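Asks: Return a 3D structure for these sequence lines:
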Amino acid sequence: MALTKDKIINEAYTQLGLRKSDARQVVEQLLEIMKGTLQSGEDLLISGFGKFVVKEKKARRGRNPQTRHDLQLRARRVVVFKTSGILRKKINSS
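Replies: Next comes the predicted model:
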């Protein structure tokens, strides 16, 4: 089962003792800050968790697997996540 935004809000609500509306506002604002940082092309580093890196992908040739026709894939930016050493150790110690 995936951790959803609603579950994060509920955890903030119960663990931090905030009102539910305040917890929702904090989580929403944090996510907006993260999205804005990545949208501007900056990397996002969260110590002890990992780093979100925006990478530029060049235009390239591709193929439609159903029709087998060649096509041109456009240049784009993608977000790559790299875990921190601390998180990697926690995941592998379980």
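
Asks: switch to C-alpha atoms for all contacts and neighbour counts from now on
Replies: Noted.

Asks: and Leu30, which of the three is it?
Replies: What DSSP: H, G, I helix; E, B strand; the rest coil gives for Leu30 is helix.

Asks: any idea how far it is from Gly36?
Replies: 10 Å (C-alpha to C-alpha, to the nearest Å).

Asks: What is the subsequent helix or strand relative to whichever strand or helix holds Val27?
Replies: Secondary structure assignment for Val27, by DSSP states H and E: helix 20-39. Moving toward the C-terminus from helix 20-39, the next helix or strand (DSSP H and E) is strand 44-46.

Asks: pLDDT of that following strand, averaged?
Replies: Strand 44-46 carries an average pLDDT of 97.

Asks: what residues does it touch?
Replies: Applying C-alpha atoms under 8 Å, 6 or more residues apart in numbering, the contact partners of strand 44-46 are Met34, Thr37, Leu38, Lys51, Phe52, Val53.
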